[in-house]
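# Everything below, folded, please.
(one chain, ligands or ions: 1)
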Amino acid sequence: MQQTGSPDDWWRSAVIYQVYPRSFADSNGDGVGDLPGIARRLPALKRLGVDAVWLSPFYTSPQKDAGYDVADYCDVDPLFGTLADFDHLRAESRELGLRLLIDLVPNHTSSAHAWFQEALAAGPGSPERERYLFRPGRGEAGELPPNNWDSVFGGPAWTRITEADGTPGPWYLHLFDASQPDLDWTNPWVHERFRDILRFWLDRGIDGFRVDVAHGLVKVPGLPDYTPSPGGSMGGDTSDAPYWAQDGVHEIYREWHEVLTEYGPDRVLVAEAWVNPLSKLANWVRPDEMQQAFNFGYLETPWAAGPLRSVVDASLAAFGAVGAPSTWVLSNHDVIRHATRLALTPPPPQGAGIGPRTQPRPDTAVGLQRARAATAFMLALPGSAYLFQGEELGLPEAIDLPDSARQDPTFFRTGGELYGRDGCRVPIPWEAGSPASGFSPSGKSWLPQPADWPEYARDAQDGVPGSTLEFYRAALALRAEHGLGAGAIEWLEFGGPDVVAFRNAGVTVVANTGAGQVTLPEGRVALTSEPLADDRVLPGDTTVWLVA
Ligand code: NOJ
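Predicted coordinates for the structure are as follows:
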């Protein structure tokens, strides 16, 4: 059973809202969201009923991978504001009682980072080169990459440099874009720098870090060739990959755990680790490592009763075995929004995305109905839940982005074969009648908003019974009222193979993942993801919460 004993344990049952800064709220009209925009909109998140906010990267960056290419870990990119704007945002969130997590990107820097530029300038054999994974090429003249690894974004994971004197030099490893060289975590210098970075932000009062690619920092010595099985996602599906989920990463998180503890018992590290099975992922959240890990196994589970019950059981068992809460997540900035994904059978592999040429087109109404039902199921589970900005508005994936607007390196590194992740990153709508639906005072938007975005605007849903926004608010209020995040579940055998039902803290949750109708058990309907035609009949793709 999950325990929520003291405020120090807030994260065990918290609902954490992901803000993707460039697409949340633009204050200065340049078409890119920024920190002052976020600060101004925080009251809307308080009103939604979340406990904490996680900010994706806002650091100095050439933005080759939307800020996951960091050129200075201790400053704010002018695109997003200044350090003073960050401090203001921190103060505002504290005022509202919202915890604040920020993103940490330790697997790679930007190639524009001074560390990498110094490494290039310092030349072969220098200590600066040892910060990264430079290796000589294969072939007679070193003209072939050092091994056969592919980048997650497509194409080779190696790029060759030219030395200052014009001669062809070694290659450097980049598991992602060529603008994102991997750091060498066997080098103590790298460890020291990151301890400094943790302290820099902890000193500014943050509550914790979401750690990017937390399964990738350590590679098998010798960097042996490896051919992954096709269709893998951000990595961890293949447990034998020499660059994912190596045991050495745990030493790093133990080190960081100690740093966080210096700042108090309530600070958290959250692993973005695409690691299977869940029992292995649980190693990231052992008592002396991180506090939470994203449960991508749950995210990738289809909307179907049997698989849902299995993944919940496996999650509670795996995380529970190490004393950690499970997390639950359905959407983020790397996956097709669940209001669209759940209407795709099967969805494409993570990161591939969908676009104008995707056939068949997902049914928007079916997707939204399933998404609301899936959200009602998720928010009733014990543990911590993550929401991605815009899901509370029922936003679908933006499918019809023109090729000319696309920005994800995946699109470019695969020659347009894969659409990538832009479709979930489109700036969100606030006010239906305002420029860019309230995203930006100038009406600009770094990715074009679909024509029907005003229908999803927050003000168009505010106070409207049955709207997705009011449904989320009601679910979050009831979750808090009944303490569902700190509860424990007991499965109920009920309703046939398409139904998954459980009891948590006195609330009976019934999810109908099929198309048929289900007669409800006893209890007053406290929440329903869709209106019920008859008080006691649950339609298909609908979840209900009943109380005594
Ligand atoms: C995971 C992040 O969520 C994703 O957006 C990014 O592209 C990669 N890591 C590389 O940093």
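
# how about the residues of this protein that lie near the ligand?
Of all the residues in the chain, those in contact range of the ligand (C-beta under 6 Å from any ligand atom) are 65, 68, 105, 176, 212-213, 272, 333-334. Heads up, the C-betas are built off the backbone N, CA and C, glycines and all.

# 5 Å instead, please
Neighbours of the ligand within the chain, by C-beta under 5 Å from any ligand atom: 65, 68, 176, 212-213, 334.

# tell me which of those residues is nearest to Thr186?
Closest to Thr186 out of those is Val213 (16.6 Å), distances taken as C-beta to C-beta.

# what's the distance between the closest one and Ala365?
Distance of Val213 to Ala365, given as C-beta to C-beta, to the nearest Å: 36 Å.

# can you redo the residues of the chain next to the ligand as CSV with secondary structure, neighbour count and pLDDT?
Supplementary listing: the residues of the chain next to the ligand in CSV, determined by DSSP: H, G, I helix; E, B strand; the rest coil; neighbours: other C-beta atoms under 10 Å; pLDDT from 0 to 100:
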residue, secondary structure, neighbour count, pLDDT
Asp65, coil, 23, 98
Tyr68, coil, 24, 98
Phe176, coil, 25, 97
Asp212, coil, 21, 98
Val213, coil, 26, 97
Asp334, coil, 22, 98
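
# Next, Glu484: phi, psi?
Heads up, residue 484 is Leu, not Glu. The main-chain torsion angles of Leu484 are listed as degrees, to the nearest 10 and equal phi -60, psi -30.

# swap that for Met378, sorry
According to degrees, to the nearest 10, Met378 has phi -60, psi -40.

# Could you double-check that Leu217 lies in contact with Glu251?
No: with contact defined as C-beta atoms under 8 Å, Leu217 does not reach Glu251; the gap is 10.0 Å.

# Please report the distance of the residue nearest the centre of the chain from Gln350.
The residue at the geometric middle of the chain, judged as the C-alpha nearest the mean C-alpha position with C-alpha atoms, centre = their mean, is Asn332 (4.2 Å). Shown here: Asn332 relative to Gln350, a distance of 10 Å by C-beta to C-beta.

# Give the residues shared as contacts by the two.
The overlap between the contact sets of Asn332 and Gln350 (C-beta atoms under 8 Å, 6 or more residues apart in numbering) is empty.

# Residue of the stretch 401-548 of the chain closest to the ligand, please.
Nearest residue of the stretch 401-548 of the chain to the ligand (C-beta to the nearest ligand atom) works out as Arg421 at 6.9 Å.

# ok, and the closest non-adjacent residue to that residue?
Counting by C-beta to C-beta, 6 or more residues apart in numbering, Asp408 is the residue found nearest to Arg421 once chain neighbours are left out, at 5.0 Å.

# Neighbours of the one you found, how many?
24 (other C-beta atoms under 10 Å).

# Now do the domain split for the protein, please.
In terms of domains, the chain is parsed into 7-109+187-461, 114-173, 489-547 (source: automatic domain parsing).

# Quickly compare those domains and say which is most buried.
Among the domains of the chain, ranked by average contacts under mean count of other C-beta atoms under 10 Å, first place goes to domain 7-109+187-461 (a mean of 20).

# Ignoring the adjacent residues along the chain, who's closest to the closest residue to the ligand within the stretch 251-400 of the chain?
Proximity of the stretch 251-400 of the chain to the ligand (C-beta to the nearest ligand atom) peaks at Asp334, 4.7 Å away. Nearest in space to Asp334, with sequence neighbours left out and distances taken as C-beta to C-beta, 6+ apart, is Arg421 at 5.5 Å.

# and that neighbour, what is it in contact with?
The neighbourhood of Arg421, defined by C-beta under 8 Å, 6+ apart, consists of 333-335, 351, 353, 408, 410.

# For the stretch 201-350 of the chain, give me the ranges with low pLDDT.
Low-confidence segments of the stretch 201-350 of the chain, defined by pLDDT under 70: 230-239.

# rewinding a little: pull up the per-residue confidence for the residue of the stretch 401-548 of the chain closest to the ligand.
On the pLDDT scale, Arg421 is placed at 98.

# how close does it get to Val19?
With the distance defined as C-beta to C-beta, Arg421 ends up 16 Å from Val19.

# And Lys444, by the same measure?
As judged by C-beta to C-beta, Lys444 and Val19 stand 19 Å apart.

# which residues are contacting stretch 220-229?
In this structure, residues lying in contact with stretch 220-229 by C-beta under 8 Å, 6+ apart are 133, 135, 146-150, 173, 186, 237-238, 240-243, 246.

# Can you name the residues that contact the residue of the chain found nearest the ligand?
Distances from the chain to the ligand, computed as C-beta to the nearest ligand atom, single out Tyr68 as the nearest residue at 3.4 Å. When the contact criterion is C-beta under 8 Å, 6+ apart, the partners of Tyr68 are 57, 61, 103, 105, 176, 180, 212.

# between the residues you listed, which is nearest Pro156?
Among the contacts of Tyr68, and counting by C-beta to C-beta, the member closest to Pro156 is Phe176, at 12.0 Å.

# residues contacting that closest one?
Contacts for Phe176 (C-beta under 8 Å, 6+ apart) come out as 65, 68, 107-108, 151-153, 409.

# which residues of the stretch 51-200 of the chain fall in helices?
Defined through DSSP state H, counting those that start in this stretch, the helices belonging to the stretch 51-200 of the chain, from first to last, are 83-96, 114-122, 188-203.

# angle of the shortest one against helix 188-203?
Pointing back at helix 114-122 there. Compare the direction of helix 114-122 with that of helix 188-203 by axes from the mean of the first three to the mean of the last three C-alpha atoms, to 10 degrees and you get 150 degrees.

# Give the other helices and strands that helix 114-122 contacts.
Helices and strands touching helix 114-122, by 3 or more C-beta pairs under 8 Å, 6 or more residues apart in numbering; DSSP states H and E: there are none.

# Tell me the gap between that helix and the middle of its chain.
On the basis of C-alpha atoms, centre = their mean, to the nearest Å, helix 114-122 is displaced by 31 Å from the centre of the chain it belongs to.

# any chance you could map the helices in this structure?
In the chain, the segments counted as helices under DSSP state H are 35-48, 83-96, 114-122, 188-203, 249-262, 278-281, 296-299, 305-321, 338-341, 364-379, 409-413, 458-461, 468-482.

# Quick one: residues in contact with the first one.
Put plainly, it is helix 35-48. Outside of helix 35-48, the residues that reach it under the criterion C-beta under 8 Å, 6+ apart are 17, 19, 21, 24-28, 53, 55, 58, 76, 80-82, 85-86, 88-89, 92-93, 96-98, 392, 430, 458, 469, 472-473, 476.

# if you set the cut-off to 6 Å instead, what comes out?
17, 19, 24-27, 80-81, 85-86, 88-89, 92-93, 96, 392, 473 (C-beta atoms under 6 Å, 6 or more residues apart in numbering).

# With the third one instead?
Outside of helix 114-122, the residues that reach it under the criterion C-beta under 6 Å, 6+ apart are 109, 128-129, 131-132, 181.
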